[in-house]
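*Asks:* Sequence first, predicted model second:
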Amino acid sequence: MKPKVNRAAYDKTALIVGATGIVGHSLAEHLIAQGWRTFGLARRPSVEIEGLIPITADLLDPGALRQALAAVRPTHVFFATWARHDTEAENIRVNGAMMRNLLNVLRPKKSLEHFALVTGLKHYIGPFEMYAQVPPPPTPFLETIPRLDIPNFYYTLEDEVFAAAAAEGFTWSVHRPHTLIGYSRSNVMNMGMTLGAYAAFCRETGRPFAFPGNAQQWNGLTDVTDARLLASHLEWAATSPEAKNQALHIVNGDVFRWSALWGRLAEWFGLESVPFTGQVNRLADQMKGAEATWNQIARRHGLVEPDLARLASFWHTDGDLNRPFECITDMSKSRRLGFADYQTSEQSFLDLFARMHTDRLIP
């Protein structure tokens, strides 16, 4: 997926909020390759992406945020971060404050042309605290489906952006990916890297590579979003008049069944796959107490990350692979508006595993 260079981007200044996460990392690499001047804001910003200008700031500290952004006049903001809390009321309070603080700091600069917000399919299926408790709308999900009548911090973030855009005159886009597959050293809510670490652990220890999900996910159709494709989608929406002021789905463009894909992932690692047997084998249970063994594996192979908890989030992948309902999104709207990029999901996983191996995250 080598993108074409956007020559019109050379007069654009991007501010990526959440630059160390799975979205921000891929977006930073993409925009820099396209010629954008790119700033990456985070509490602990990455210095590993060549060309990214790091900004250290906490969105909950307005004074420090204002000082950190004093010399930055972004034309485009890409908001791809959130702070997780135990209740959705807290998620709404804290994440809403983060968004308001950022918009308030940017308002006097009068430089902003476009604001892109990344959310996800919890827009349709509900937040973590009510996960799978509310019947989801029929699939494939469409951008026109009304909001659920329950609290959701995604709605709060959208409303803050919509109000600021109406007052200040900049355009906006909301991007709703499905499960993201991509590279990040600082965001463990990442199915691809979790499965890569799990497969590597199975290979090193002789443990069976057993599918950890349920029957619905094993047999049913699903889709995912390559973070590199999302990066392309974000730039396209930010620079295409047709996509302005739109909520947009972004998935790879194919669908698959885990019953077909699981064996191909196993093959990449030289493993035999263990299919779904009728009993759920959650990763959180399979990998309980695995940290010390992973530390030994990391030392033996000279890996750069000996802490398994920084590489994998078994609880999060368990949530994705044990949904009791189908999640498929319709990409027709973006296609009609002119976005034509495509990525096969199998290759998304295999490319990620190859990069993890090259960067010595897995043996």
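*Replies:* That came in fine, so what should we check first?
*Asks:* For stretch 250-267, list every residue counted as buried.
*Replies:* Ile250, Val251, Asn252, Gly253, Phe256, Trp258, Ser259, Leu261, Trp262, Gly263, Leu265, Ala266 (16 or more other C-beta atoms under 10 Å). C-beta coordinates here come from the backbone N, C-alpha and C atoms, glycine included.
*Asks:* Let's verify the closest residue to Val174 other than its chain neighbours: helix, strand, or coil?
*Replies:* Nearest residue to Val174, sequence neighbours excluded (C-beta to C-beta, 6 or more residues apart in numbering): Ala247, at 4.2 Å. What DSSP: H, G, I helix; E, B strand; the rest coil gives for Ala247 is strand.
*Asks:* Tell me who's in contact with Ala247.
*Replies:* Glu143, Glu158, Ser173, Val174, Arg176 (C-beta atoms under 8 Å, 6 or more residues apart in numbering).
*Asks:* re the thing from before, please flag which of the buried residues of stretch 250-267 sit within helices.
*Replies:* Trp258, Ser259, Leu261, Trp262, Gly263, Leu265, Ala266 (DSSP state H).
*Asks:* one step back: for Pro146, see how far away the residue nearest to Val174 is.
*Replies:* Distance, Ala247 to Pro146, by C-beta to C-beta, to the nearest Å: 12 Å.
*Asks:* Could I get the full set of strands for the stretch 51-200 of the chain?
*Replies:* With strands called from DSSP state E, counting those that start in this stretch, the stretch 51-200 of the chain shows them at 53-56, 76-79, 114-118, 171-177, 180-181.
*Asks:* Next: the stretch 251-363 of the chain.
*Replies:* Counting by DSSP E, counting those that start in this stretch, the strands of the stretch 251-363 of the chain are 256-257, 273-274.
*Asks:* Touching the last one from outside, list them.
*Replies:* What it means is strand 273-274. With C-beta under 8 Å, 6+ apart, strand 273-274 has contacts from Pro208, Phe209, Ala210, Phe211, Trp262, Gly263, Leu265, Ala266, Glu267.
*Asks:* List the buried residues of the top helix by length along the chain.
*Replies:* Determined from DSSP H, the single longest helix within the chain is helix 88-106. Judged by neighbour count using 16+ other C-beta under 10 Å, the buried positions of helix 88-106 are 88, 91-92, 94-103, 105-106.
*Asks:* Just the closest of these to Arg43, please.
*Replies:* Met98 (11.1 Å; C-beta to C-beta).
*Asks:* For the closest one, give its distance to Glu160.
*Replies:* Distance from Met98 to Glu160, by C-beta to C-beta: 9 Å.
*Asks:* same deal with Tyr198?
*Replies:* Tyr198 is 37 Å from Glu160, by C-beta to C-beta.
*Asks:* Thr171 now?
*Replies:* Noted for Thr171: a distance of 15 Å to Glu160, by C-beta to C-beta.
*Asks:* the more surrounded of those two?
*Replies:* Glu160 (21 against 18; other C-beta atoms under 10 Å).
*Asks:* Report the buried residues of stretch 235-251.
*Replies:* Buried residues in stretch 235-251 (16+ other C-beta under 10 Å): 235-239, 243-244, 246-251.
*Asks:* quick revisit: can you lay out the strands of the stretch 51-200 of the chain as a markdown table showing mean pLDDT?
*Replies:* Shown next, in a markdown table, are those (pLDDT from 0 to 100):
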| stretch | mean pLDDT |
| --- | --- |
| strand 53-56 | 96 |
| strand 76-79 | 98 |
| strand 114-118 | 98 |
| strand 171-177 | 98 |
| strand 180-181 | 96 |
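*Asks:* So which of the ones you listed is nearest Ala231?
*Replies:* Here strand 76-79 is closest among the strands of the stretch 51-200 of the chain (C-beta to C-beta), at 9.1 Å.
*Asks:* Each with direction, which strands does the closest one pair with?
*Replies:* strand 13-17 (parallel), strand 114-118 (parallel) (DSSP bridges).
*Asks:* Least reliable of the strands of the stretch 251-363 of the chain by average pLDDT, please.
*Replies:* When the strands of the stretch 251-363 of the chain are ranked by mean pLDDT, strand 273-274 comes last with a mean of 93.
*Asks:* Partner strands of it, with direction?
*Replies:* strand 209-210 (parallel).
*Asks:* Could I get the average pLDDT for the next helix or strand after the partner strand?
*Replies:* Proceeding N to C from strand 209-210, the next assigned helix or strand is helix 215-219, under DSSP states H and E. Here helix 215-219 scores 97 as its mean pLDDT.
*Asks:* name the helices or strands packed onto helix 215-219?
*Replies:* helix 258-268 (3 or more C-beta pairs under 8 Å, 6 or more residues apart in numbering; DSSP states H and E).
*Asks:* and if we set it to 10 Å?
*Replies:* strand 256-257, helix 258-268, helix 314-321 (3 or more C-beta pairs under 10 Å, 6 or more residues apart in numbering; DSSP states H and E).
*Asks:* Out of the ones you listed, which gets nearest to Thr38?
*Replies:* That would be helix 314-321 among these, by C-beta to C-beta, at 27.5 Å.
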